[in-house]
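In: Model the structure of this input:
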Amino acid sequence: LKYNSNLKFASQMVQALVKPSAHAQDKIQALKASIGFTNPIISVHIRRGDSRHETKFHAVDEYFRVVQRLYPQLHETYQNNATHPPPAKPKVYLMADRPYVFLEVNEKWSKEFEILSVDGGKIKKTWADKLHTDTAILDFKVASQADHFVGTAASQLGRLVTEHMCVQWSDCSSRVHFVDGKKWYL
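Out: Modelled structure (predicted):
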């Protein structure tokens, strides 16, 4: 990730263009409260749908090895924070476009991490219809409020999360981690 004035400018534009209405903001806050989304937390986006045509396959374990590497420093950051102390079990907000990803993540990683999501992986998410578009919008708005993001640069949703994080965090380049090794340049 190259953080420069172009990225900061584009991030500000994206943030303004995708600013949620008061009703949508209420839905985002209600969702966060209902699933227990509190910082410290790491967002992870695992893309399976059309990604096979655009990038190589990345196993679930690749994403979670990055999460494992990040959590000790994140825990240390929040250790003396009275407002947001680190949870007993580290939290991960998971986004995926296929329900089977949630099953795999819960099977392999739920002992180590508390896995949160907008719908628990019940639906196949797509931008093609309104119901799923609303879910995808909730996903990226909530995910962008995490302390770190792990995903792929090949994903449009991942890039939206990146743009929003760069408005929120002045050090966003150290908070975004792409498992495909690509950098996000504007």
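In: so what's the residue positioned nearest the centre of the chain scoring on pLDDT?
Out: Per C-alpha atoms, centre = their mean, the C-alpha nearest to the average position across the chain is that of Ser43, at 3.2 Å. According to the per-residue confidence, Ser43 scores 97 in pLDDT.
In: Return the residues in contact with it.
Out: Taking C-beta atoms under 8 Å, 6 or more residues apart in numbering as the contact definition, Ser43 lies against 92-95, 142-144, 146, 148-151, 161. C-beta coordinates here come from the backbone N, C-alpha and C atoms, glycine included.
In: Let me know the closest of those to Cys172.
Out: Taking C-beta to C-beta as the measure, Cys172 lies nearest Phe149 of these, at 8.9 Å.
In: got the contact list for that closest one?
Out: Contacts of Phe149 (C-beta under 8 Å, 6+ apart): 42-45, 143, 158, 161-162, 165, 175-177.
In: in the chain, which spans are helices?
Out: With DSSP state H, the ranges of helices along the chain come out as 5-17, 22-35, 60-78, 99-109, 130-143, 156-168.
In: okay, these in CSV with mean neighbour count, mean pLDDT and distance to Gly121 next?
Out: Formatted as CSV, the entries for the helices of the chain read as follows, by neighbours: other C-beta atoms under 10 Å; pLDDT from 0 to 100; distance: least, C-beta to C-beta, whole Å:
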stretch, mean neighbour count, mean pLDDT, distance to Gly121
helix 5-17, 13, 55, 27
helix 22-35, 13, 90, 13
helix 60-78, 16, 93, 12
helix 99-109, 16, 93, 3
helix 130-143, 18, 78, 11
helix 156-168, 21, 82, 15
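In: of all those, which lies closest to Val118?
Out: Closest to Val118 of the helices of the chain, according to C-beta to C-beta: helix 130-143, at 5.3 Å.
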